[in-house]
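> just the structure for this:
(2 chains)
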There are 2 protein chains.
Amino acid sequence: MNRIITISRQFGSGGRTIGKEVAARLGIPCYDTELILKFAEKSGLSEEYIKSYGEHVPSASWLGNILTDRDHNGRSLRDDLWCVQHEVITELAEKESCVIVGRCADFILKDNAECLHVFIHAPIEMRAERVVRLYGESDVEPVKRVLDKDKRRKSYYQFYTDAEWGNAANYDISLDSGKFGIEKCVDIIVDLYQERNLH
Amino acid sequence: MNRIITISRQFGSGGRTIGKEVAARLGIPCYDTELILKFAEKSGLSEEYIKSYGEHVPSASWLGNILTDRDHNGRSLRDDLWCVQHEVITELAEKESCVIVGRCADFILKDNAECLHVFIHAPIEMRAERVVRLYGESDVEPVKRVLDKDKRRKSYYQFYTDAEWGNAANYDISLDSGKFGIEKCVDIIVDLYQERNLH
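Coordinates of the predicted model:
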C-alpha cells in the first residue's frame, strides 16, 4: 500500500524545503513544481496559466476573479484545472509512495487512511524575512506580500474544498517551523511516517 | 527559567489525559481542574460558577448569554472571572514549570518564549465514543454533545481573545490523537519539551 505525505504550508514557512528533505530522507519522490508539468500535459493548459491559477486566486479580490470567465454551463478553465489536479494527485497516490506539496492534496486525499497530512506554519516576521532572502525583494512590502499570498491560497482552498485552510483539525499534525526549525520538523515527520501503527 | 506546556483541546480528544501523562513523565505539575480551586480562592466565586462560565459559554446561543448580566460599566461577573484566570495563569507561569490544560492559557501566555503551545484534536466519531465511555451517556446524542461543547469553547475563546480557537497558526504543534494514539502524542510533546534549542 502506498503511503503519502501531503504538506500544506503558509507562504514562506519552509514547507516546501521540509517536504523535499523528508522525501530525500525516506527515499521517495517529492512532487511540488513537478506537478505543474503533469497538470500541463494532462490539461493542455500552459505552465504559466497553471502557476497563476492552480493553487491560489490571482488577486486578493478573489470573488470577482473566480466567478468570471465562465461558459454557459457556469464552468471555467479554472474548474477544469481543478479537476485535472484532482485526477493527477489521485493517480499519483495510487501509483507510488511520495510527498506532495500544496495543491489541496490534503483535501483530495483526505479519505486515504495511508496518508499523513501535515501543515507547516511560522510567525509572520520569520516568513517575511525568509521570502525576501529566498525570492528577493519585490515592490510590495514583505509582510503584506506574505499575508496576501496566504489569503489567496486560503480563498482558493475554501472555494474548491468548502473547508478551512489552516484549521488544525484538517491535518494530522501542524508544526511551527519557526519555533522548532526545519530539521526538527523533518525529524518528526519522518519518525511518524516510519511508525507502522498509524490508524 | 520556567518552561510551560499549554494544552488546548477539542472536547473528547484526550487532551487532558495527554497533559497529565506529559506532566508525569517530566516530573512537573499538571493544572487542569486544580485551577478551578485557585480561581475560586482568588475570586470568591463558587467552584460551580467557575465550572459553568470559566472556559465556555453556557449555551450555544452564546451572544445573548455573554452580553447580558452586565453592570452600568458594561462589566459582568464573567469578565471578572476572565481577569482572575488571566492573573492566576500568569502567576503560575512565573512560579514553576508546569502543564496547563485549557482555560485559554495558550493565549494568556502567547508571548512567553519558554512555552510550548499544543492543540489536540481527533475525528468526531472517536471523540463521541470516548466521551460516552468516560463520562457516560447523557440525554443528548454524543456527536451533537461533542460539537456543542467545542462550539461553546470556541465562542468563549473568540470573545475574550479575539483569536480563532483551533487555528493551527496559534499553536506550536497540533496533533490528531485519533491518528497517532495518546502515547505517541505524549512522546512527541515530551521530546519537544526536552529539546533545548527552542527559539
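
> which other residues reach stretch A:118-125?
A:5-10, A:12-15, A:18, A:106, A:130, A:143, A:146-147, A:166, A:168, A:170-179, A:185, A:189, B:168-169, B:174 (Cβ atoms under 8 Å, 6 or more residues apart in numbering or on different chains). C-betas here are computed from N, CA, C, even on glycine.

> swap in 7 Å and give it another go.
A:5-10, A:13-15, A:18, A:143, A:146, A:166, A:171-178, A:185, A:189, B:168-169 (Cβ atoms under 7 Å, 6 or more residues apart in numbering or on different chains).

> try stretch A:87-104
Taking Cβ under 7 Å, 6+ apart as the rule, stretch A:87-104 contacts A:2-9, A:15-16, A:19, A:22-23, A:28-32, A:35, A:38-39, A:42, A:54-55, A:85, A:105, A:108-109, A:112, A:157, A:160-161.

> could you pull out the helices for chain A?
A:15-26, A:34-43, A:47-53, A:62-67, A:77-95, A:105-108, A:124-135, A:142-161, A:177-180, A:182-194 (DSSP state H).

> residue B:116 is nearest to which of the ones you listed?
Among these, helix A:177-180 comes nearest to residue B:116, with 8.2 Å by Cβ to Cβ.

> what packs against the closest one?
If you count contacts as 3 or more Cβ pairs under 7 Å, 6 or more residues apart in numbering or on different chains; DSSP states H and E, helix A:177-180 packs onto no helix or strand.

> return the distance of stretch A:108-117 from the chain's centre.
14 Å (Cα atoms, centre = their mean, to the nearest Å).

> buried residues in it?
A:108-109, A:112, A:115-117 (16 or more other Cβ atoms under 10 Å in any protein chain shown).

> neighbours of the residue lying closest to residue A:194 once chain neighbours are set aside, how many?
Leaving aside its chain neighbours, residue A:194 sits nearest to residue A:26 (7.8 Å; criterion: Cβ to Cβ, 6 or more residues apart in numbering or on different chains). By other Cβ atoms under 10 Å in any protein chain shown, 19 other residues sit near residue A:26.

> now do the one 4 residues further on
Around residue A:30 sit 21 other residues, with neighbours defined as other Cβ under 10 Å.

> just checking, it touches residue A:20?
Yes: between residue A:30 and residue A:20 there is a contact at 5.0 Å, judged by Cβ atoms under 7 Å.

> tell me which two of the buried residues of stretch A:108-117 sit farthest apart.
Among the buried residues of stretch A:108-117, A:108 and A:116 lie farthest apart (Cβ to Cβ), at 14.5 Å.

> which one of the helices of chain A lies nearest to residue B:48?
Distance to residue B:48, taken as Cβ to Cβ, is lowest for helix A:177-180 among those, at 38.0 Å.

> that older thread, put the buried members of the contacts of stretch A:118-125 into a ChimeraX selection.
A single ChimeraX command is used to select the members of the contacts of stretch A:118-125 judged buried by 16+ other Cβ under 10 Å:
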select /A:5,6,7,8,9,10,13,14,15,18,146,166,171,172,173,174,175,176,177,178,185,189 /B:168,169
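
> would you tell me which residues of chain A are close to chain B?
A:119, A:121, A:166-169, A:171-176, A:178-181, A:184, A:188, A:192, A:195, A:197-199 (Cβ under 7 Å from any Cβ of the partner chain).

> from these, which land in strands?
Under the assignment DSSP state E, those contribute A:119, A:121, A:173-176 to strands.

> now render those residues as JSON lines, adding pLDDT.
Output for those, formatted as JSON lines (pLDDT from 0 to 100):
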{"residue": "A:119", "pLDDT": "97"}
{"residue": "A:121", "pLDDT": "97"}
{"residue": "A:173", "pLDDT": "98"}
{"residue": "A:174", "pLDDT": "98"}
{"residue": "A:175", "pLDDT": "98"}
{"residue": "A:176", "pLDDT": "97"}
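
> and of these, the nearest to residue B:49?
Scanning these for proximity to residue B:49, where the rule is Cβ to Cβ, the winner is residue A:174, at 34.4 Å.

> now do the contacts for the closest one.
By Cβ under 7 Å, 6+ apart, the neighbours of residue A:174 are A:119, A:121, A:168, B:168, B:173-174.

> can you check residue A:167 too?
Contacts of residue A:167 by Cβ under 7 Å, 6+ apart are B:166-168.

> now with 10 Å?
Residues near residue A:167 by Cβ atoms under 10 Å, 6 or more residues apart in numbering or on different chains: A:119, A:174, B:121, B:164, B:166-169, B:174.

> could you dump these into CSV with distance to residue A:153 added?
Formatted as CSV, those follow (distance: Cβ to Cβ, whole Å):
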residue, distance to residue A:153
A:119, 12
A:174, 15
B:121, 21
B:164, 17
B:166, 19
B:167, 15
B:168, 14
B:169, 13
B:174, 18
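
> and the end-to-end length of stretch A:100-118?
10 Å (Cα to Cα, to the nearest Å).

> tell me the mean pLDDT over it?
Taken as a whole, stretch A:100-118 has a mean pLDDT of 91.

> could you do stretch A:135-144 as well?
87.

> same question for that stretch: list its buried residues.
residue A:142.

> other residues contacting that stretch?
Contacts for stretch A:135-144 (Cβ under 10 Å, 6+ apart): A:11-12, A:124-125, A:127-133, A:145-149.
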